[in-house]
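Undergrad: prediction below, plus the sequence it came from.
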Amino acid sequence: MVKLKNSFVFLLLVFSLLISIFISTSVGSVSIPIKNILKIIVDNLPLINSLVTSQYEKSHEIIVMNLRLPRVILGVLVGISLSISGAVMQGLFKNPMASPFVLGISSGASMGAALSIVLLPFIPIKILSFITSLLTVFLVYKLAKTGKKTSLATLLLIGLAVGAFFSGLTSFLMYISGRNLQKIVFWIMGSLGTSSWNDVSQIALVILIGFPMVYYFSRDLNILQLGEEQAKHLGVEVERTKKIVLVLTALLTSIAVSVSGIIGFIGLIVPHMIRMILGPDHKILIPSSALLGGIILIWSDTIARTIIAPSELPVGIITELLGAPFFIYLAKKKGSDMW
């Protein structure tokens, strides 16, 4: 009965994600029928485009293929990355407040973006923010390591301290940024407005490599919930698992942040929602969180770009406005049972 429920919910999430992609792509200042979107996508598939010629406005094809579809697909991939990372971090730290940014990744990425805008304009923002976010994680891990062991509690505390330090550096760069201040603030708030197929291919490659590897450790993450000593007795190489999982989640989070800026609450809220419905088994939690994260970020971005059209809001504002009240409700309703 439980397996049937899990399968039904998973298929429902897959169907909802596909529907969300098409609806979001059709919505905007120019409304495009979903049937035309399907025709445009089919016509642009390799090999098929030379065999089929559909009837639709050429401007619709430009809007779909150059603007909306890469943005929607990027939103799905960013949502997947953040949600997977959140589910894994909460399992690894055994802490319901853990998120993809728990190791100072967002602060490191923000500092990289600010550095690129203010002092190093010859280095693209996306590249420098990716590099600095990864370096932040490795710095935190190095500082937290004692001998051959790494305490997760120490890792968490040092992550907060290093994140605070880099936030201070980012604030200083914002203070001296002059006319570039708005650009930094907009990036920090998170946005999918500059998305491109190049961004999609980069994050898709990392997910294709990272997701199967993270999923491989889902059994170990389940066992780690019993405690590190118990996990060792059951055959889990605890230190090796922690190291590999931290590197994988750092990669997934860093690539997401580099292409979208800081988008909060997706990685914190989504795993809790799935855990409430399907339970704490990471074999189910990780893929289901990935799907729901993509769905929520698609709709958050759709709201962000249409609510004050023709202008648009940073999507990070929408996820925080929706996520914070939901998390407060969840915490009050569930209390200690949310974990």
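TA: Done, it's in.

Undergrad: pull out the buried positions in whichever strand or helix holds Val42.
TA: In this structure, Val42 sits in helix 34-43 according to DSSP states H and E. Using 16 or more other C-beta atoms under 10 Å as the test for burial, helix 34-43 gives Asn36, Ile37, Lys39, Ile40, Ile41, Asp43. For every residue, glycine as well, the C-beta is placed using N, CA and C.

Undergrad: now render those as a markdown table, adding distance to Trp197 and pLDDT.
TA: Compiled in a markdown table, the buried residues of helix 34-43 are given as follows (distance: C-beta to C-beta, whole Å; pLDDT from 0 to 100):
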| residue | distance to Trp197 | pLDDT |
| --- | --- | --- |
| Asn36 | 20 | 86 |
| Ile37 | 16 | 88 |
| Lys39 | 19 | 85 |
| Ile40 | 14 | 85 |
| Ile41 | 13 | 85 |
| Asp43 | 16 | 80 |
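
Undergrad: hmm, back to that, check which element follows the helix holding Val42 along the chain.
TA: helix 58-62.

Undergrad: run through who's touching that following helix.
TA: Val30, Ile32, Asn36, Ile40, Asp43, Asn44 (C-beta atoms under 8 Å, 6 or more residues apart in numbering).

Undergrad: go with 10 Å
TA: The contact list for helix 58-62 (C-beta atoms under 10 Å, 6 or more residues apart in numbering) reads 26, 30-33, 36-37, 39-41, 43-44, 54, 68.

Undergrad: flag every buried residue along that helix.
TA: Here helix 58-62 shows His60, Glu61 as buried, counting by 16+ other C-beta under 10 Å.

Undergrad: may I have it exported as CSV, CA atoms only?
TA: The C-alpha coordinates for helix 58-62 follow below in CSV (Å, rounded to 0.1, in the frame of the first residue of the first chain):
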residue,chain,number,x,y,z
LYS,A,58,7.8,33.1,-36.4
SER,A,59,7.8,35.6,-33.5
HIS,A,60,6.3,32.9,-31.2
GLU,A,61,9.2,30.6,-32.1
ILE,A,62,11.7,33.3,-31.2
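
Undergrad: just after it, pick out the following helix or strand.
TA: Next along the chain after helix 58-62, taking DSSP H and E as the criterion, comes helix 69-93.

Undergrad: how far off helix 34-43 does that next one point, in degrees?
TA: 90 degrees (axes from the mean of the first three to the mean of the last three C-alpha atoms, to 10 degrees).

Undergrad: got phi/psi on Gly264?
TA: Gly264 has phi and psi values of phi -90, psi 160 when expressed as degrees, to the nearest 10.

Undergrad: tally of neighbours for it?
TA: Counted with other C-beta atoms under 10 Å, the neighbours of Gly264 add up to 20.

Undergrad: next: the one 5 residues further on.
TA: For Ile269, the count of nearby residues is 24 (other C-beta under 10 Å).

Undergrad: list the residues that contact it.
TA: Applying C-beta under 10 Å, 6+ apart, the residues contacting Ile269 are 83, 86, 99, 289, 292-293, 296, 319, 322-324, 326-327, 330.

Undergrad: how about stretch 169-184: buried residues?
TA: Buried-residue list, stretch 169-184, by 16+ other C-beta under 10 Å: Thr170, Leu173, Met174, Ser177, Leu181, Lys183, Ile184.
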